[in-house]
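Structure here, sequence nowhere to be found:
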Ligand code: XMP
């Protein structure tokens with residue numbers, strides 16, 4: 001079963017048939033960058049379901065090294081018979097070749113990395129392109145194109161580096177147009193999208209907003225909806241879309257567990273309550289959470305307590321509103337694809353504001369299911385969400401509690417909040433905020449001796465943690481400039497009582513995790 005949300009989004013867009021996840025997602029992303037909607041479907045998708053979605057084109061993605069590998073995903077040839085233009089990429093080209101009666105040879109050698117390419121037929125997809133080098137990653141190669149196809153390019157080890165049969169709307173390339181190392185790759189995709197598939201570049205934030213608003217209205221009818229706000233961009237954008245669709249029938253619940261950073265609660269209040277006039281229940285539950293955390297030092301225990309109390313608080317508040325049948329969640333496209341396979345979840349029990357009780361009898365409204373994170377940000381900007389919220393770095397559900405090693409007390413929270421505030425301010429001033437995946441302060445459970453104004457001090461150190469990352473699965477410690485580090489260190493020690501030393505965490509992930517707990 002395909003995601004029902006595709007029914008309204010796909011018509012006119014392009015489906016990427018997934019033979020190997022990492023390639024497929026990147027292709028979909030590149031197509032969306034050309035302002036054409038694109039979504040990934042599994043290789044064993046029912047062709048009848050694809051036909052019902054009315055895509056303008058299909059792309060068969062790359063995949064395993066060889067179509068002859070045991071268990072290699074098969075191409076259902078019926079996908080080639082839908083009368084929809086098809087572009088096969090790498091494995092997709094080979095699978096298509098075999099399905100249409102061509103030949104794929106096990107060359108044994110293969111090509112990996114930057115490879116020269118020679119266009120042999122200009123009157124083709126290459127008409128306007130300057131194609132000299134491309135990025136290849138293949139062992140087998142098409143040795144004979146299927147009948148009726150023209151070979152349009154070759155490379156040293158791929159006699160058929162590209163082929164096409166415009167009459168049947170079929171195209172194939174051995175190289176990867178979706179990676180940046182194929183300089184003409186995007187232009188080739190554009191030629192397929194706009195010249196072959198006749199797509200129109202209308203997948204813009206405004207289009208997304210209009211489309212989602214209509215869908216939400218159709219889903220919830222005259223009913224009421226609730227949404228848990230976290231202060232992060234996903235729940236905020238999801239809430240604003242729903243508010244645009246159903247107005248005051250949406251109530252947002254913001255549980256402030258007291259583990260937020262400086263000013264975050266106020267920002268939510270200002271943006272949602274005062275600016276957008278969204279009915280907002282602001283639950284100030286700091287003391288409740290602190291009392292449950294008293295004396296707890298074990299990281300998993302902290303996470304579990306916060307997750308559990310968050311759900312309890314949310315349930316109690318939503319019960320006060322009477323039976324609201326719909327719940328908004330900021331689920332992203334990447335969550336849909338990766339669901340169930342998150343390594344991080346095995347290492348730590350994640351608490352997400354989206355991860356509300358499983359046994360609540362509500363229907364989910366998930367307006368971001370088709371969007372990547374960067375698209376959510378663009379939609380957020382378009383909706384007028386404050387820049388700070390749109391570009392906020394990821395922040396864990398349990399908040400500062402898992403950045404305070406040992407006991408979480410009001411006093412230690414205050415120290416960390418103040419140190420983190422200085423750090424954020426300096427990182428923003430240096431223009432590094434958006435470049436870094438995350439930058440934050442950690443408060444360890446040790447004290448050290450220092451000297452300030454001729455006086456001996458015995459106080460906490462603060463750890464600076466800053467990382468770059470693409471997806472949080474791996475991360476590299478960020479090389480912050482020394483003068484920035486010096487400013488941060490001086491300011492924290494001067495401005496934050498209770499701190500007499502600043503240290504830098506230079507651990508990547510793995511072996512470290514991004515958070516300390
Ligand atoms: P780690 O520390 O496992 O973190 O390397 C990976 C990413 O996940 C974030 N993180 C969380 N996010 N709820 C969340 O919503 C959580 O419980 C949680 N724990 C970690 C972390 O900030 C990093 O971006």
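Perfect, I can see it now. If you're wondering where the values come from, they're calculated on a predicted model, not measured in any experiment.

any idea which strand is longest in this protein?
Counting residues, the longest strand in the chain under DSSP state E turns out to be strand 455-468.

Next, the buried residues of that one.
The neighbour-count check on strand 455-468 (16 or more other C-beta atoms under 10 Å) flags 457, 459-468 as buried. Glycine gets a C-beta too; all of them are placed from N, C-alpha and C.

Give me the helices and strands touching it, please.
Counting contacts by 3 or more C-beta pairs under 8 Å, 6 or more residues apart in numbering; DSSP states H and E, strand 455-468 packs against helix 410-429, strand 438-442, strand 448-452, strand 476-477, helix 482-495, strand 499-504.

Off-centre distance for it?
32 Å (C-alpha atoms, centre = their mean, to the nearest Å).

Could you list the single helix or strand in this structure with the lowest mean pLDDT?
In the chain, no helix or strand scores lower on mean pLDDT, DSSP states H and E than helix 343-347, which sits at a mean of 44.

Contacts for the helix or strand that it is followed by, please.
Counting by DSSP states H and E, the element after helix 343-347 in chain order, helix or strand, is strand 363-365. Strand 363-365 is contacted from outside by 216, 219-220, 225, 238, 242, 325-329, 331, using C-beta atoms under 8 Å, 6 or more residues apart in numbering.

Could you list which of those residues belong to strands?
Taking DSSP E as the definition of strands, the contacts of strand 363-365 contribute 225, 326-328.

quick revisit: now render the helices and strands packed on strand 455-468 as TSV, adding mean neighbour count.
Listed next are these as TSV, based on neighbours: other C-beta atoms under 10 Å:
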stretch	mean neighbour count
helix 410-429	19
strand 438-442	23
strand 448-452	12
strand 476-477	16
helix 482-495	16
strand 499-504	19
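
Ok, which of those comes nearest residue 30?
Across the helices and strands packed on strand 455-468, residue 30 has its closest neighbour in strand 476-477 (24.6 Å, C-beta to C-beta).

Given the closest one, what are its sheet partners and their directions?
strand 455-468 (antiparallel) (DSSP bridges).

Just the endpoints, please. Distance across stretch 185-201?
End-to-end span of stretch 185-201 (C-alpha to C-alpha, to the nearest Å): 17 Å.

quick one: it to chain centroid distance?
The gap between where stretch 185-201 is centred and where its chain is centred comes out at 25 Å by C-alpha atoms, centre = their mean.

For that stretch, buried residues please.
Neighbour-count burial for stretch 185-201 [16+ other C-beta under 10 Å]: 185-193, 196-197, 199.

got it, and stretch 163-175?
163-165, 168-175.

Restricted to strands, list those residues.
Counting by DSSP E, these contribute 163-165, 170-173 to strands.

Just the closest of the residues you listed to residue 443, please.
When those are ranked by distance to residue 443 (C-beta to C-beta), residue 173 comes first, at 53.0 Å.

So which residue of the chain lies furthest out from the middle?
Ranked by distance from the centre of the chain (C-alpha atoms, centre = their mean), the top residue is residue 454, with 50.7 Å.

what about that residue, distance to the ligand?
Distance of residue 454 to the ligand, given as C-beta to the nearest ligand atom, to the nearest Å: 40 Å.

same check, this time on residue 493
26 Å.

Does that residue touch residue 501 like I think?
Yes. Here residue 493 reaches residue 501: they are 7.4 Å apart, a contact under C-beta atoms under 8 Å.

how many other residues sit next to residue 517?
Look at residue 517: counted by other C-beta atoms under 10 Å, it has 19 neighbours.

quick one, what contacts it?
Contact analysis of residue 517 by C-beta under 8 Å, 6+ apart lists 299, 302-303, 348, 402-403, 405.

just for this structure, where's the confidence low?
Within the chain, the ranges that satisfy pLDDT under 70 run 21, 337-347, 351-360.

Centre-most residue in it?
residue 373 (4.2 Å).

got the residue ranges for the helices in the stretch 151-300 of the chain?
185-190, 205-220, 233-246, 264-268, 286-293, 299-320 (DSSP state H, counting those that start in this stretch).

So which elements touch the fifth one?
Read that as helix 286-293. Judged by 3+ C-beta pairs under 8 Å, 6+ apart, the packing partners of helix 286-293 are helix 299-320, helix 410-429.

With distance to the ligand added, can I get the ones you listed in JSON lines?
Converted to JSON lines, the helices and strands packed on helix 286-293 look like this (distance: least, C-beta to the nearest ligand atom, whole Å):
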{"stretch": "helix 299-320", "distance to the ligand": "6"}
{"stretch": "helix 410-429", "distance to the ligand": "13"}
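
May I see the ones you listed organised as TSV, with distance to residue 273 added?
What follows is the helices and strands packed on helix 286-293, written out as TSV (distance: least, C-beta to C-beta, whole Å):
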stretch	distance to residue 273
helix 299-320	15
helix 410-429	22
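
which phi and psi does residue 380 have?
phi -60, psi -40 (degrees, to the nearest 10).

In contact with it: list those residues for me.
When contacts are counted by C-beta under 8 Å, 6+ apart, residue 380 is found next to 233, 236-237, 240, 389-390.

Mind doing that once more with 10 Å?
Applying C-beta atoms under 10 Å, 6 or more residues apart in numbering, we find residue 380 in contact with 205, 233-234, 236-238, 240-241, 386-387, 389-391.

Show me which of those is closest to the ligand.
Distances from the ligand to the contacts of residue 380, taken as C-beta to the nearest ligand atom, are shortest for residue 234 (9.6 Å).

Can you give me the neighbour number for that closest one?
By the measure other C-beta under 10 Å, the count of residues near residue 234 is 23.

any idea how far residue 223 lies from the ligand?
With distances taken as C-beta to the nearest ligand atom, residue 223 is found 28 Å from the ligand.

now the closest residue to that residue other than its chain neighbours: how far from residue 428?
Once flanking residues are discounted, residue 223 sits nearest to residue 325: 5.2 Å by C-beta to C-beta, 6 or more residues apart in numbering. Distance, residue 325 to residue 428, by C-beta to C-beta, to the nearest Å: 41 Å.

again, but for residue 161
Distance, residue 161 to residue 428, by C-beta to C-beta: 47 Å.

The residue nearest to the centre of the chain contacts residue 471, correct?
Yes. Counting by C-beta atoms under 10 Å, residue 373 touches residue 471, with 9.4 Å between them.

joint contacts of the two?
residue 334.

Looking at the buried residues of strand 455-468, which one is closest to residue 211?
residue 468 (33.5 Å).

Spit out the contact partners of the closest one.
432, 435-439, 475-479, 508.

among these, which are within reach of the ligand?
residue 438 (C-beta under 6 Å from any ligand atom).

Next, give me the two most distant ones among the contacts of residue 468.
Across these (C-beta to C-beta), the longest gap, 17.6 Å, separates 432 and 508.

coming back round to it: turn the buried residues of strand 455-468 into TSV, columns for distance to residue 262.
Output for the buried residues of strand 455-468, formatted as TSV (distance: C-beta to C-beta, whole Å):
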residue	distance to residue 262
457	24
459	20
460	18
461	20
462	14
463	18
464	16
465	17
466	18
467	21
468	24
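
re the thing from before, what's the closest of the helices and strands packed on helix 286-293 to residue 57?
That would be, of those and by C-beta to C-beta, helix 410-429, which comes in at 42.2 Å.

And that closest one, how far out from the chain middle?
Centre-to-centre, helix 410-429 and its host chain are 27 Å apart (C-alpha atoms, centre = their mean).

Next: stretch 284-297.
When distances are taken as C-alpha atoms, centre = their mean, stretch 284-297 is centred 31 Å away from the chain's centroid.
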